[in-house]
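only the shape, not the letters, is given here:
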């Protein structure tokens, strides 16, 4: 069972899609993620981008903890429906929006409103090849999706190598939780102009 851990929606259950096409971030990993983020960024009032969002658990947790603007990006129809049900059940629509489509396709455009995000979480399929992950990072860094000094967190298998960080993003730390590793990076403090 997946729940919101803390904040205004703390304890509320979340719908998750049936089957194995999505892999919800475990509650303990989510708790560790937000504990780590709290040491790196002010989440209250922040803008958060949740890539490969699944049921939206990470983005909704961010909203529960005070994020002002959250965008969930997901392509799987069942996961999109579960995330919409969760947004509606929490009445979080004023803060949380959805972009339905493949992450690569969404990132090929400009961010909504033209403003970059201060926190980015990405939980791509564990079998996503490293060149695919690098392309996602490059799109984030080069198309205006990152606010200056934005914090990135990537969930990967412990068997995957360190992400191939791209110009504009510097790897800062990693933490392992069983089979999961969270890799953290930070965007350049001056930001990267869109289209570079």
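Alright, I've got the coordinates. Note that the structure is predicted; figures quoted are calculated from it, not measured.

can you pull out the helices in this protein?
Taking DSSP state H as the criterion, the chain carries its helices at 27-38, 57-64, 77-90, 103-107, 130-142.

between those, which gets nearest to residue 116?
Of all these, helix 130-142 sits nearest to residue 116, with 8.8 Å by C-beta to C-beta. Just so you know, the C-beta spots here come from the backbone N, C-alpha and C atoms, and that holds for glycine as well.

what's the mean pLDDT across that closest one?
The average pLDDT for helix 130-142 rounds to 94.

swap in stretch 49-59?
96.

can you check stretch 103-110 too?
96.

on that earlier part again, want to try a markdown table for the helices of the chain, with mean neighbour count and distance to residue 119 as columns?
What follows is these, written out as a markdown table (neighbours: other C-beta atoms under 10 Å; distance: least, C-beta to C-beta, whole Å):
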| stretch | mean neighbour count | distance to residue 119 |
| --- | --- | --- |
| helix 27-38 | 17 | 6 |
| helix 57-64 | 28 | 7 |
| helix 77-90 | 19 | 18 |
| helix 103-107 | 18 | 16 |
| helix 130-142 | 18 | 12 |
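
OK, contacts around residue 30?
For residue 30, the contacting residues are 5, 57-58, 61, by C-beta atoms under 8 Å, 6 or more residues apart in numbering.

rewinding a little: make JSON lines from the helices of the chain and add distance to residue 160 to it.
As requested, the helices of the chain are arranged in JSON lines below (distance: least, C-beta to C-beta, whole Å):
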{"stretch": "helix 27-38", "distance to residue 160": "15"}
{"stretch": "helix 57-64", "distance to residue 160": "19"}
{"stretch": "helix 77-90", "distance to residue 160": "22"}
{"stretch": "helix 103-107", "distance to residue 160": "17"}
{"stretch": "helix 130-142", "distance to residue 160": "8"}
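
between those helices, which gets nearest to residue 51?
Here helix 103-107 is closest among those (C-beta to C-beta), at 5.0 Å.

run through who's touching that closest one.
51-52, 73, 75, 99, 122, 124, 132, 135-136, 139-140, 143, 145.
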